[in-house]
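[1] fold the stuff below for me.
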Amino acid sequence: MGLREKHKGDIPRRKIDLEELGLELGNLFRERDLTIHLFGSRKDQTGSVRSDVDLLVELGRRASQDEMDAIWKLEPYLDVFVLDRGVAASLVNESQLRDKTNEDLIAKLGAGCLMRHGDWQAEAKPFREQIVLAERNPAASLVPLYDLVDAVPAERADLLVVTALTEEYEAMLAALGETTTEPSVLTELEDNKNSPWRIRVLNLHEMDSVGAALKTADAMRRSKPSHVVLVGICGGISGRCNLLDVVIPQSVIYYEPGKITPEGTKGGFAVRHCDADARNRFSVWARTPNTPKVLADGELMACGEKVIADESARDVLANTHRKLTAIDMESYGVVRAAEAWKTPVTVIKSVCDLADAEKSDDLHDQARKTAARVFVEGVKAGVFRAEK
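    Just a heads-up that it's a prediction; the model follows:
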């Protein structure tokens with residue numbers, strides 16, 4: 001029995017009303033006479049509750065960034081494409097599909113009309129009510145429209161867990177009760193409401209942000225997760241954390257950007273933020289008895305392409321911000337990939353050394369097991385649930 005068949009009715013679900021959403025889109029676009037078509041697996045009735053809802057909206061102009069963001073907040077399961085003069089453009093990445101006319105393109109996609117000139121169509125009644133997952137919000141689609149298909153059902157996941165090193169991957173699988181020689185595995189874990197979470201675990205085999213970003217983005221395209229989680233080990237800042245503390249940062253600071261001048265290198269920093277809701281829930285969970293020490297109260301993670309094993313270099317970074325607590329090499333890439341897909345992301349890193357001359361591998365095994373344990377216990381406690 002596959003993961004999709006197990007616990008078939010246990011996952012919390014909610015209903016979305018496409019007629020009401022159509023009216024909301026009309027208000028959002030300030031178009032009372034909006035025409036909207038449904039296509040993809042929801043139209044063909046071949047999708048699951050994990051499938052997004054693909055809409056073609058005849059708008060006659062480009063949508064603004066504010067309108068795009070408002071649609072995402074309105075209903076994250078909507079995947080909207082603006083249709084005008086035979087061109088359908090994704091609101092996420094502006095990829096396009098063309099045909100001679102709107103009608104030709106609609107026919108090519110097998111789309112059905114839900115709303116015409118602001119009026120709900122009688123023949124659209126079977127599609128009005130759609131069932132989606134209540135506590136999982138899918139990633140936005142970044143694939144071109146001509147490649148647009150739902151992720152293979154067997155690959156759909158609620159959570160995408162990425163690890164940089166094979167040792168971290170093996171610790172993650174052990175914590176989940178899985179064993180495999182494959183670089184990726186799909187498994188399942190129940191939370192404290194007996195709701196099963198599908199979890200894709202991926203071994204990046206990368207210790208740099210560029211490779212991590214590329215492989216994370218590809219995995220997201222395949223699994224459409226509601227949350228991305230980087231789990232592994234890191235170096236710590238002396239005096240701000242202790243060995244084996246687990247750092248769940250508020251933000252990741254990429255310290256590599258800079259300008260080389262005759263006077264020396266002038267540094268620059270790029271900052272990306274992690275999911276606040278999951279971090280706050282981890283902070284609450286960590287106050288319960290017999291849990292590892294978790295730092296999740298506004299700490300920052302520095303990220304760069306170099307392994308730091310020098311106290312002076314570490315302290316230069318530490319002096320850039322009083323809340324800088326730990327250092328790794330791939331968190332920025334993972335966070336950037338998730339951000340591009342409008343998907344929440346969390347970093348869970350256990351401190352294995354203090355990034356100084358005494359840096360060694362002695363605590364690697366214990367640290368990666370600790371980080372994996374925090375992730376697993378967090379899933380069970382419901383820290384990744386989406387509120388809608």
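
[2] what about the longest helix along the chain, average pLDDT?
    Looking across the chain with DSSP state H, the single longest helix is helix 364-381. For helix 364-381, mean pLDDT rounds to 97.

[3] list the buried residues in it.
    364, 367-379, 381 (16 or more other CB atoms under 10 Å). C-betas here are computed from N, CA, C, even on glycine.

[4] got a list of contacts for that helix?
    159, 161, 165, 167-168, 171-172, 174-176, 189-192, 197, 199, 229, 231-233, 243-244, 246, 248, 278, 281-282, 285, 291-292, 294, 348-352, 384 (CB atoms under 8 Å, 6 or more residues apart in numbering).

[5] what distance separates it from the centre of its chain?
    19 Å (CA atoms, centre = their mean, to the nearest Å).

[6] of the contacts of helix 364-381, select the buried ones using a ChimeraX command.
    A single ChimeraX command selects the buried members of the contacts of helix 364-381 (16+ other CB under 10 Å):
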select :159,161,165,167,168,171,172,175,176,189,191,197,199,229,231,232,233,244,246,248,278,281,282,285,291,294,348,349,350,351,352,384
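
[7] show me the contacts of helix 364-381 that map onto helices.
    Using DSSP H, the contacts of helix 364-381 in helices are Glu167, Glu168, Ala171, Met172, Ala174, Ala175, Leu176, Ala278, Arg281, Phe282, Trp285.

[8] and the second one, what is it in contact with?
    Glu168 makes contact with Asn203, Val231, Gly232, Ile233, Arg368, Ala371, Ala372, according to CB under 8 Å, 6+ apart.

[9] do the same with the fifth one
    Residues near Ala174 by CB under 8 Å, 6+ apart: Lys369, Ala372.

[10] could you rerun that using 10 Å?
    Shown in contact with Ala174 (CB atoms under 10 Å, 6 or more residues apart in numbering): Arg368, Lys369, Ala372, Arg373, Val376.

[11] and the gap between the second one and Thr181?
    What that stands for is Lys369. 20 Å (CB to CB, to the nearest Å).

[12] and the third one, by the same measure?
    Relative to Thr181, Ala372 is positioned 18 Å away (criterion: CB to CB).

[13] buried sites along the helix or strand hosting Ala337?
    Assignment of secondary structure by DSSP states H and E places Ala337 within helix 331-340. Neighbour counts using 16+ other CB under 10 Å place Ser331, Tyr332, Gly333, Val334, Val335, Arg336, Ala337, Ala338, Glu339, Ala340 of helix 331-340 among the buried residues.

[14] make a markdown table from the residues you listed and add pLDDT to it.
    Formatted as a markdown table, those follow (pLDDT from 0 to 100):
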| residue | pLDDT |
| --- | --- |
| Ser331 | 97 |
| Tyr332 | 97 |
| Gly333 | 96 |
| Val334 | 97 |
| Val335 | 97 |
| Arg336 | 95 |
| Ala337 | 94 |
| Ala338 | 94 |
| Glu339 | 92 |
| Ala340 | 87 |
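
[15] what count of nearby residues applies to the residue nearest to Lys323 when sequence neighbours are not counted?
    Using CB to CB, 6 or more residues apart in numbering and skipping the chain neighbours, the partner closest in space to Lys323 is Leu300 (4.9 Å). If you count neighbours by other CB atoms under 10 Å, Leu300 ends up with 22.

[16] ok, Leu300 - contacts?
    237, 240, 247, 249-253, 271, 274, 320-326.

[17] what of Val49?
    Residues in contact with Val49 (CB under 10 Å, 6+ apart) are Ile11, Arg13, Arg14, Tyr77, Gln130, Ile131, Val132, Leu133, Ala134, Arg136, Arg156.

[18] again, 7 Å this time
    Residues in contact with Val49 (CB atoms under 7 Å, 6 or more residues apart in numbering) are Arg13, Ile131, Val132, Leu133.

[19] ok but it is inside a helix, no?
    No: according to DSSP: H, G, I helix; E, B strand; the rest coil, Val49 belongs to no helix; its state is coil.

[20] least confident secondary structure element in this structure?
    strand 264-267 (a mean of 66; mean pLDDT, DSSP states H and E).

[21] what's the following helix or strand after that strand?
    strand 270-273.

[22] for that following strand, packing partners?
    Counting contacts by 3 or more CB pairs under 7 Å, 6 or more residues apart in numbering; DSSP states H and E, strand 270-273 is packed against strand 251-254, helix 331-340.

[23] neighbours of Phe269, how many?
    Phe269: 13 surrounding residues under other CB under 10 Å.

[24] tell me which element Met115 is part of?
    strand 112-116.

[25] contact partners for the nearest residue to Leu363 once chain neighbours are set aside?
    Distance criterion CB to CB, 6+ apart; nearest residue to Leu363, sequence neighbours excluded, is Cys352 at 4.7 Å. Cys352 sits next to Ile233, Leu363, His364, Ala367 when contact means CB under 7 Å, 6+ apart.

[26] export these to CSV and tack on distance to Pro262?
    Shown next, in CSV, are the contacts of Cys352 (distance: CB to CB, whole Å):
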residue, distance to Pro262
Ile233, 39
Leu363, 43
His364, 42
Ala367, 42
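
[27] just curious, which of these is nearest to Glu31?
    Ile233 (51.6 Å; CB to CB).

[28] just to check, the closest one is in contact with Ile348?
    No: Ile233 is beyond contact range of Ile348, at 10.2 Å (criterion: CB atoms under 7 Å).

[29] what is the burial count for Asp362?
    12.

[30] now do the contacts for it.
    Residues counted as contacts of Asp362 (CB under 7 Å, 6+ apart): none.
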